[in-house]
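K.L.:
build me a model:
(one chain, ligands or ions: 2)
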Amino acid sequence: MRIRNICCIGAGYVGGPTMAVIAQKCPEIDVTVVDINEKRIAAWNDKNVENIPIYEPGLPEVVQEARGRNLFFSTDVDAAIDKADMIFISVNTPTKTYGIGKGMAADLKYIELCARQIARVSKTDKIVVEKSTLPVRTAEALKNILDNTGNGVNFQILSNPEFLAEGTAVDDLMDPDRVLIGGDIDSAKGKEAVDALVNVYAHWVPKSKILTTNVWSSELSKLTANAFLAQRVSSINAMSELCEKTGADVTEVAKAVGMDSRIGSKFLKSSVGFGGSCFQKDILNLVYIAKSFGLHEVADYWEQVIIMNDHQKRRFASNIVSSLFNTVSGKKIALLGWAFKKDTNDTRESAAIYVADYLLNEQAEIVVYDPKVKEEQIFADLDNLNSRSEEENRKRVTVLNDPYEVCRDAHAIAVLTEWDEFKEMDWGKIYKDMLKPAFLFDGRRLLERKTKEEIGFEFYAIGS
Ligand SMILES: NC(=O)C1=CN([C@@H]2O[C@H](COP(=O)(O)OP(=O)(O)OC[C@H]3O[C@@H](n4cnc5c(N)ncnc54)[C@H](O)[C@@H]3O)[C@@H](O)[C@H]2O)C=CC1
Ligand SMILES: O=C(O)[C@H]1O[C@H](OP(=O)(O)OP(=O)(O)OC[C@H]2O[C@@H](n3ccc(=O)[nH]c3=O)[C@H](O)[C@@H]2O)[C@H](O)[C@@H](O)[C@@H]1O
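P.N.:
Ligands and ions are numbered 1, 2, ... in the order given. Below you'll find the predicted structure:
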């Protein structure tokens, strides 16, 4: 079966880049990305391709090539579903904030709404692809809704989790370590659906990297991959605290253990704590699933990854307070970076939010610079915590687009995102314009200690 029309529901960090690359690599397939968020769709359609809603290196070029040719962005969800042979569901699956499983389980209401809409609109057979990260066995619920509320057409459900990381999304999509496709490979129709999706990716991904499994393995592999990755960060962060007490240096330790080919060197960078929309949400979801099967030791094991991460963010912030003679009340603290990692404008669960909140609770005055995050986003992130009134946040936090202005007259600077430009700044000038003693807290192991100490900074880096 050849796919001619693809619809993707959800024009976010996954739907947008993934579909742009599919469209670029498969010029004979029409790809329509739909979303209920009109502002987001308008931004994807902005004449100036630099204004697309997601900042990802290399993405504007891909969008420029395919948009209007065979890549379309629209708010007409029904029309795109109707036309498609294959529908990707790429909507958000946040942690539930209410009811059973509050604070742990994935909220599947957006997924269910999509399923009901697909069932209502479809008049021809469709392949429905789970692109969102979902709890294991969600495909069963999807199938149930589609078959019981549909118009008698045949639905095949595939799981095709996405492994791209933000900031490197285009490279990850162009040259993935693997593409995972779960389907009902024991039935003829299931096999046909799997083959159809394999053929889409085979336009640019070698067949040897396209892995097919049963649906449940595919769904669970995605949660497992994120849990393992986050676990490595929490493991090295646990060591960072021990390094600070013992005179060991976490960068040296990471290098020494990472050279063991069984361990490997990636994802061993100590930091102020991992952020991003997925690690925490997916591990909490895993913990919830394990608990729901009565697997309490399994649940506790993975929950510790989150506990360690929360500890790391808190301990970084509390170290700022204790270093500044146990009070930051009324003191200006400059935060360099707000995004959860470099090369993205995404701030979801960014460690910076929690560090800022901690310092605001200690009555600090916060000034923030991030090269890609807008002021309104920073305030929205703080307001969402409900720690204080919106007026109070605006009174005590200032966002500027000049890093030197942000650091002027500050008592301390905290580096919270590893943007390359922070390495190149004129640290001598920054030091001169600060209050003394001038404290510099590196939450990313980005800056060189020796040169900063020579300038005169009281320098603290996580893990040494
Ligand atoms: N952000 C990332 O790097 C990765 C995310 N994922 C997973 O992919 C999924 C999507 O994540 P993001 O793209 O980051 O989310 P996002 O929040 O950026 O995008 C989701 C979009 O879906 C839209 N939407 C929700 N319900 C809709 C409906 N009924 N009809 C039409 N549009 C609807 C929203 O308006 C939003 O624009 C999540 O399950 C996430 O866990 C997986 C791998 C990487
Ligand atoms: O499911 C998802 O959403 C995605 O989650 C992560 O991707 P992402 O969150 O975009 O970015 P990462 O590079 O994994 O970084 C996550 C966080 O961990 C931190 N991190 C990462 C690596 C490291 O060594 N140290 C460290 O502190 C980063 O600074 C960042 O805050 C995974 O890497 C992707 O494979 C996955 O598809």
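
K.L.:
for the nearest residue in space to residue 146 that is not next to it in sequence, give me the backbone phi and psi.
P.N.:
Spatial nearest neighbour of residue 146, excluding adjacent residues (C-beta to C-beta, 6 or more residues apart in numbering): residue 155 at 4.3 Å. Where C-beta positions appear, they are placed from N, C-alpha and C, glycine not excepted. Dihedral pair for residue 155: phi -110, psi 130, per degrees, to the nearest 10.

K.L.:
residue 332 reaches residue 407, doesn't it?
P.N.:
No. The pair residue 332 / residue 407 is not scored as a contact, 9.3 Å apart, by C-beta atoms under 8 Å.

K.L.:
compare the two and say which is more crowded by neighbours.
P.N.:
residue 407 (26 against 20; other C-beta atoms under 10 Å).

K.L.:
give me the pLDDT for the residue in the stretch 1-150 of the chain that ligand 2 sits nearest to.
P.N.:
Among the residues of the stretch 1-150 of the chain, residue 133 lies closest to ligand 2, at 5.7 Å counting by C-beta to the nearest ligand atom. On pLDDT, residue 133 comes in at 96.

K.L.:
next one: it from residue 209, what distance?
P.N.:
Using C-beta to C-beta, to the nearest Å, one gets 20 Å for the distance from residue 133 to residue 209.

K.L.:
more crowded one of those two?
P.N.:
residue 133 (25 against 14).

K.L.:
quick one: contacts for that one?
P.N.:
93, 106, 161-162, 222-223, 226, 278, 282 (C-beta atoms under 8 Å, 6 or more residues apart in numbering).

K.L.:
ok, now residue 239?
P.N.:
By C-beta under 8 Å, 6+ apart, the neighbours of residue 239 are 250, 253-254, 270, 463.

K.L.:
rewinding a little: what about the residue nearest to residue 146, distance to ligand 2?
P.N.:
Distance of residue 155 to ligand 2, given as C-beta to the nearest ligand atom, to the nearest Å: 25 Å.

K.L.:
list the beta-bridge partners for that residue.
P.N.:
residue 126 (DSSP bridges).

K.L.:
with the one 4 residues further on instead?
P.N.:
Taking DSSP bridges, one obtains residue 130, residue 182 as the residues bridged to residue 159.

K.L.:
mind naming the longest helix for the protein?
P.N.:
The longest helix of the chain (DSSP state H) is helix 215-246.

K.L.:
gap between residue 404 and residue 324?
P.N.:
21 Å.

K.L.:
so which of these two has more stuff around it?
P.N.:
residue 324 (21 against 14).

K.L.:
on that earlier part again, buried set for the longest helix of the chain?
P.N.:
Across helix 215-246, burial judged by 16 or more other C-beta atoms under 10 Å covers 215, 218-223, 225-227, 229-241, 243-244.

K.L.:
one step back: kindly reformat the contacts of residue 239 as a markdown table containing pLDDT, distance to ligand 1 and secondary structure.
P.N.:
A markdown table is the format used below for the contacts of residue 239 (pLDDT from 0 to 100; distance: C-beta to the nearest ligand atom, whole Å; DSSP: H, G, I helix; E, B strand; the rest coil):
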| residue | pLDDT | distance to ligand 1 | secondary structure |
| --- | --- | --- | --- |
| 250 | 98 | 26 | helix |
| 253 | 98 | 28 | helix |
| 254 | 98 | 24 | helix |
| 270 | 98 | 22 | coil |
| 463 | 97 | 26 | coil |
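
K.L.:
which of these has the most neighbours?
P.N.:
residue 270 (27 neighbours).

K.L.:
before we move on, the earlier item: anything in the longest helix of the chain near ligand 1?
P.N.:
No. Shown here: helix 215-246 not in contact with ligand 1 (C-beta under 6 Å from any ligand atom), separated by at least 7.4 Å.

K.L.:
ranges for the strands of the stretch 1-150 of the chain?
P.N.:
Per DSSP state E, counting those that start in this stretch, the stretch 1-150 of the chain carries strands over the ranges 5-9, 30-34, 71-74, 86-89, 126-130.

K.L.:
so which bits of the stretch 51-200 of the chain are right by ligand 1?
P.N.:
So the stretch 51-200 of the chain meets ligand 1 at 77, 90-93, 110, 113-114, 132-133, 162, 164, 166 (C-beta under 6 Å from any ligand atom).

K.L.:
pop the domain breakdown of this structure in here.
P.N.:
5-213, 215-464 (automatic domain parsing).

K.L.:
endpoints of the shortest one, how far apart?
P.N.:
This points to domain 5-213. This stretch, domain 5-213, spans 24 Å end to end (C-alpha to C-alpha, to the nearest Å).

K.L.:
cool, and the last one?
P.N.:
End-to-end distance for domain 215-464, by C-alpha to C-alpha: 45 Å.

K.L.:
now stretch 436-447
P.N.:
End-to-end distance (C-alpha to C-alpha), stretch 436-447: 20 Å.

K.L.:
that one near ligand 2 anywhere?
P.N.:
No. Using C-beta under 6 Å from any ligand atom, stretch 436-447 stays clear of ligand 2, with a minimum separation of 7.6 Å.

K.L.:
who's in contact with that stretch?
P.N.:
250-251, 269-272, 316, 319-320, 323-324, 337, 351, 355, 410-418, 422-423, 427, 431, 452, 456-463.

K.L.:
which ones among these also lie next to ligand 2?
P.N.:
Restricting those to contacts with ligand 2 (C-beta under 6 Å from any ligand atom) yields 269, 271.

K.L.:
so who does residue 217 touch?
P.N.:
Counting by C-beta under 8 Å, 6+ apart, residue 217 has contacts residue 182.

K.L.:
same question for residue 360.
P.N.:
366, 382, 387-388, 393, 396-397.

K.L.:
next, residue 440: secondary structure please.
P.N.:
Of the three states, residue 440 takes strand according to DSSP: H, G, I helix; E, B strand; the rest coil.

K.L.:
surely residue 36 meets residue 76?
P.N.:
No. Contact criterion C-beta under 8 Å: residue 36 and residue 76 do not qualify, at 10.6 Å.

K.L.:
what touches both of these two?
P.N.:
By C-beta under 8 Å, 6+ apart, no residue touches both residue 36 and residue 76.

K.L.:
pretty sure residue 358 is in a strand, no?
P.N.:
No. Assessed by three-state DSSP, residue 358 does not belong to a strand; its assignment is helix.

K.L.:
find the nearest non-adjacent residue to it, please.
P.N.:
Nearest to residue 358 is residue 317, by C-beta to C-beta, 6+ apart, at 3.7 Å.

K.L.:
OK, contacts around residue 287?
P.N.:
104, 299, 302-303, 306 are the contacts of residue 287 under C-beta under 8 Å, 6+ apart.

K.L.:
could you pull up phi and psi at the one residue in the chain that gets nearest to ligand 1?
P.N.:
As assessed by C-beta to the nearest ligand atom, ligand 1 sits closest to residue 12 within the chain, at 1.9 Å. With angles defined as degrees, to the nearest 10, residue 12 sits at phi -100, psi -150.
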